[in-house]
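A.B. asks: Sequence below, structure please.
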Amino acid sequence: MARFRRAERLRKGRDYRRLAACGRRVQSDTFVVFLLRREITGAGGVRLGITVSGRVGGAVVRNRLKRLVREWFRQAKASLPGDLEVVVIARPGAAALDRAGVAGELSRLVEGAL
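C.D. replies: Numbers count the residues shown, from 1 in each chain. Predicted structure coming up:
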């Protein structure tokens, strides 16, 4: 099983704000995705940030969605450009999706934006 390493995470608020301000935004009823290519190529590989607010559901629902998004990322990162940063924001409709639904929706959004 591939891990979600620390170097693959967006952890700072300024990184989230930078992607929201400068990144490409794609959205659906269930997710909002911001994508940005870093100018410094090869700097750490693909990075992911996840936001799931309390409006989506309780703690169990929010943590389940974060796990499903991380699983999609682990499987999709080999096919993504190495200098890409991605922020996924879950909307309330995402709570009803299963693993295949989350993976399909995120893949469709990201591939449509690239």
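
A.B. asks: for the longest helix along the chain, packing partners?
C.D. replies: Longest helix in the chain, counting residues (DSSP state H): helix 59-76. Secondary-structure packing of helix 59-76 (3 or more Cβ pairs under 8 Å, 6 or more residues apart in numbering; DSSP states H and E): strand 47-52, strand 84-90, helix 99-113. For the C-beta atoms, the positions are set from N, CA and C on the backbone; glycine is no exception.

A.B. asks: can you state the direction angle for that helix and strand 47-52?
C.D. replies: 160 degrees (axes from the mean of the first three to the mean of the last three Cα atoms, to 10 degrees).

A.B. asks: Run the chain-centre distance for helix 59-76.
C.D. replies: Distance of helix 59-76 from its chain centroid, counting by Cα atoms, centre = their mean, to the nearest Å, is 9 Å.

A.B. asks: hmm, who's touching it?
C.D. replies: In this structure, residues lying in contact with helix 59-76 by Cβ atoms under 8 Å, 6 or more residues apart in numbering are 1-4, 8, 46, 48, 50, 52-54, 56-57, 86, 88, 90, 94-95, 97, 99, 102-103, 106-107, 110.

A.B. asks: Mark which of these are buried, thanks.
C.D. replies: Among these, those classed as buried by 16 or more other Cβ atoms under 10 Å are 4, 8, 46, 48, 50, 52, 56-57, 86, 88, 90, 94-95, 97, 102-103, 106, 110.
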